[in-house]
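Participant: I'd like to go over a predicted model; first the sequence, then the structure.
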Amino acid sequence: MVTLEICIGSSCYVKGSNQVVKIVNDLLAENNWEDKVEVKGSFCMQSCQDKLGLGIRINGERIEGINLQNAKDIISEKIASLL
Ligand code: FES
């Protein structure tokens, strides 16, 4: 089981984290990953302060450089590498 956390802090909300939730849900459905990936919300994980882009953590590792344009590709690649 892969754990994917999406930051619901205010700084990420402004950058569109609610849209990332939709992107992730669509991605899981497209790949039949619903049973393999657990999605959780998270409070601020410091990605905003560290200028890492939107706050996303997969299996405890913060993923760098996520924005709304690349979220699908980067998250998909990371999950695929862990399954
Ligand atoms: S508000 Fe999302 S990482 Fe800080």
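Facilitator: That came through, no problem.

Participant: what residues are up against the residue of the chain found nearest the ligand?
Facilitator: Nearest residue of the chain to the ligand (Cβ to the nearest ligand atom) works out as G9 at 2.6 Å. (Glycine included, C-beta is placed from N, CA and C.) Going by Cβ atoms under 8 Å, 6 or more residues apart in numbering, G9 touches 17, 42-45, 48, 55.

Participant: Out of those residues, which is nearest to A29?
Facilitator: S17 (19.0 Å; Cβ to Cβ).

Participant: What are the phi and psi values at M45?
Facilitator: Main-chain dihedrals, M45, degrees, to the nearest 10: phi -110, psi 20.

Participant: To what extent is it buried, counted in neighbours?
Facilitator: 18 (other Cβ atoms under 10 Å).

Participant: quick one, what contacts it?
Facilitator: So M45 contacts 5, 7, 9, 55, 57, 62 (Cβ under 8 Å, 6+ apart).

Participant: do E34 as well
Facilitator: Residues near E34 by Cβ under 8 Å, 6+ apart: L28.

Participant: Now G53. Nearest residue, chain neighbours left out?
Facilitator: Counting by Cβ to Cβ, 6 or more residues apart in numbering, I66 is the residue found nearest to G53 once chain neighbours are left out, at 4.4 Å.
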